[in-house]
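Asker: Show me how the following folds:
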Amino acid sequence: MKLYMRLLDAERDGADWREAVRILFGLDPDDDPAHCRSIHDAHLARAHWMTEQGYRELVRESQRKT
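Answerer: The predicted structure follows:
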């Protein structure tokens, strides 16, 4: 969750995706830009999904357990 929030913060702040990949994933985008961009974009898409829809599933699951 923390990673997703940090990705969303970076996007909101206009951070370059390469900077986010270096800081959040510990990867060097100069080594394999396409792979690093793919990782960034996939995780960012998941972060958006979590904030728009996924949280509902988490709430439902937590309510079933109680």
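
Asker: CA atoms for contacts and neighbours, from now on please.
Answerer: OK.

Asker: Name all residues that make contact with H43.
Answerer: Y4, L7 (C-alpha atoms under 8 Å, 6 or more residues apart in numbering).

Asker: now it: how far from K65?
Answerer: To K65, H43 is 28 Å away according to C-alpha to C-alpha, to the nearest Å.

Asker: Over to P29?
Answerer: The value you get for P29 to K65, if C-alpha to C-alpha is used, is 41 Å.

Asker: which of the residues in stretch 9-26 are buried?
Answerer: A10, W17, R18, A20, V21 (16 or more other C-alpha atoms under 10 Å).

Asker: Now it - C-alpha only, CSV.
Answerer: Coordinates of each C-alpha in stretch 9-26 appear next as CSV, following Å, rounded to 0.1, in the frame of the first residue of the first chain:
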residue,chain,number,x,y,z
ASP,A,9,2.2,11.2,-4.7
ALA,A,10,5.0,11.3,-7.3
GLU,A,11,2.5,11.5,-10.1
ARG,A,12,0.6,14.3,-8.4
ASP,A,13,3.8,16.2,-7.9
GLY,A,14,4.9,15.8,-11.5
ALA,A,15,7.9,13.6,-10.8
ASP,A,16,9.6,12.0,-13.7
TRP,A,17,8.9,8.3,-13.9
ARG,A,18,12.6,7.6,-14.0
GLU,A,19,13.1,9.3,-10.7
ALA,A,20,10.2,7.4,-9.2
VAL,A,21,11.7,4.1,-10.4
ARG,A,22,15.1,4.9,-9.0
ILE,A,23,13.7,5.9,-5.6
LEU,A,24,10.8,3.5,-5.1
PHE,A,25,12.0,0.4,-6.9
GLY,A,26,15.8,0.8,-6.6
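
Asker: who's in contact with that stretch?
Answerer: With C-alpha under 8 Å, 6+ apart, stretch 9-26 has contacts from L3, R6, L7, L27, D28, P29, C36, R37, H40.
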